[in-house]
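Engineer: Sequence and predicted structure, then a few things I'm wondering about:
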Amino acid sequence: MTTSPPVETTRRPPPIKAVPVRHPGRWLAVAVLAVLAAMLVNTILTNPGFRWPVVGEYLFSPPVLNGLSNTLVLTVLSMAIGIVGGIGLAIMRLSPNPVLSSVSAVYIWLFRGTPLIAQLLFWNFLAALYPRLALGVPFGPEFISFDTNQLINQFAACLLGLGLNEAAYMAEIVRGGLQSVDNGQSEAAGALGMSRAQTLRRIVLPQAMRVIIPPTGNETISMLKTTSLVVVIGYFELLTSVQRIYSTNFQTIPLLIVAAAWYLALTSVLSIGQGFIERHYGRGTSLGPTGSRLLPWRAPEQAR
């Protein structure tokens with residue numbers, strides 16, 4: 001009678017008890033930030049120098065709202081000039097024509113290389129160089145002429161200064177967006193018989209929008225605040241309006257808070273709008289609506 005050898009039983013190792021990693025530095029940072037936030041809130045609420053009743057009194061006053069409307073008009077029109085001009089300059093910059101490319105490069109170099117305040121002052125005092133502006137035959141008779149001071153008033157000088165300066169920056173943004181599209185798509189469109197203009201309008205530009213939109217949104221927000229520089233030529237906008245008020249009642253800090261509150265509110269609205277537009281043009285790309293390429297630690301959560 002034979003007996004089978006005893007079967008060796010393998011003992012499983014005890015389960016590993018996972019201990020979460022502790023981050024004492026994070027808790028320390030949170031505590032420090034909480035103390036600083038409490039100190040900030042306390043000084044804002046208890047410091048009588050802020051004069052919150054004065055802020056509430058002038059927040060919706062007619063002069064402030066009038067300056068606010070002028071700021072919005074300047075922002076919209078200047079960005080429209082900048083976007084249209086930037087697209088044209090970007091196309092010229094990428095043109096195989098060396099003359100067009102050189103003209104665009106010189107324009108961008110000139111307007112990006114000089115201060116915006118200097119450009120605003122130049123357009124405001126253009127009459128010192130050219131008292132009259134005329135249309136006619138070059139080096140020949142004039143058909144019609146205008147007084148420069150009447151043609152280029154403060155508002156026109158603001159638009160020229162802000163819009164033409166913005167066009168130089170938008171040209172580089174648009175150029176980067178156009179160059180981000182693979183050249184093979186343009187070649188394929190050409191093989192299908194599409195012209196350069198059709199390829200740009202139907203193939204290249206729609207794909208470049210997801211690259212162009214984010215910096216354009218930033219430029220719009222920046223333009224909203226940059227309009228305050230027109231104070232150097234005396235145009236009435238938001239900051240100018242509060243300056244005129246506190247120059248008479250000497251409530252400087254409360255009036256500056258009023259201007260800052262409106263700037264913060266408007267930039268917040270623009271930021272939300274920018275987010276919706278980015279999600280619209282980001283559909284169907286690896287970035288997605290949340291920008292997972294920029295936030296790689298969110299990828300595992302989305303995979304689950």
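Structural biologist: Cool, got the structure.

Engineer: Kindly tell me how buried the nearest residue to L74 once chain neighbours are set aside is, as a neighbour count.
Structural biologist: Nearest residue to L74 in three dimensions, chain neighbours excluded: T227, at 4.6 Å (CB to CB, 6 or more residues apart in numbering). (Each C-beta comes from the backbone N, C-alpha and C, glycine too.) Using other CB atoms under 10 Å, T227 has 24 neighbouring residues.

Engineer: hey, which helix is longest across this structure?
Structural biologist: helix 62-93 (DSSP state H).

Engineer: Can you list the helices and strands that the helix or strand following that one packs against?
Structural biologist: Sequence order places helix 98-113 as the next helix or strand after helix 62-93, per DSSP states H and E. For helix 98-113, the elements it packs on are helix 62-93, helix 154-179, judged by 3 or more CB pairs under 8 Å, 6 or more residues apart in numbering; DSSP states H and E.

Engineer: got the angle between helix 98-113 and helix 154-179?
Structural biologist: Helix 98-113 runs at 120 degrees relative to helix 154-179, counting by axes from the mean of the first three to the mean of the last three CA atoms, to 10 degrees.

Engineer: Okay, buried residues for helix 98-113 please.
Structural biologist: Using 16 or more other CB atoms under 10 Å as the test for burial, helix 98-113 gives 100, 104, 107-108, 111.

Engineer: ok, now how distant is the residue most central in space within the chain from T267?
Structural biologist: For the chain, the residue nearest the mean C-alpha position is N218 (1.6 Å; CA atoms, centre = their mean). Distance of N218 to T267, computed by CB to CB, to the nearest Å: 10 Å.

Engineer: In contact with Y235, which residues?
Structural biologist: 70, 74, 154-155, 157-158 (CB atoms under 8 Å, 6 or more residues apart in numbering).

Engineer: ok, 6 Å please
Structural biologist: 154, 158 (CB atoms under 6 Å, 6 or more residues apart in numbering).

Engineer: sec struct for it, please.
Structural biologist: Three-state assignment for Y235 (DSSP: H, G, I helix; E, B strand; the rest coil): coil.

Engineer: Number of residues surrounding the closest residue to S61 other than its chain neighbours?
Structural biologist: Once flanking residues are discounted, S61 sits nearest to I245: 7.8 Å by CB to CB, 6+ apart. By the measure other CB under 10 Å, the count of residues near I245 is 20.

Engineer: Quick check: phi and psi on I245?
Structural biologist: phi -70, psi -50 (degrees, to the nearest 10).

Engineer: tell me the pLDDT at it?
Structural biologist: pLDDT recorded at I245 is 90.

Engineer: distance of it from V54?
Structural biologist: 10 Å.

Engineer: average pLDDT across the helix or strand harbouring L266?
Structural biologist: Following DSSP H and E, one finds L266 within helix 252-281. The pLDDT scores in helix 252-281 average 89.

Engineer: Just the buried positions in it, please.
Structural biologist: 254-255, 257-259, 262-263, 266, 270, 274, 277-278, 281.
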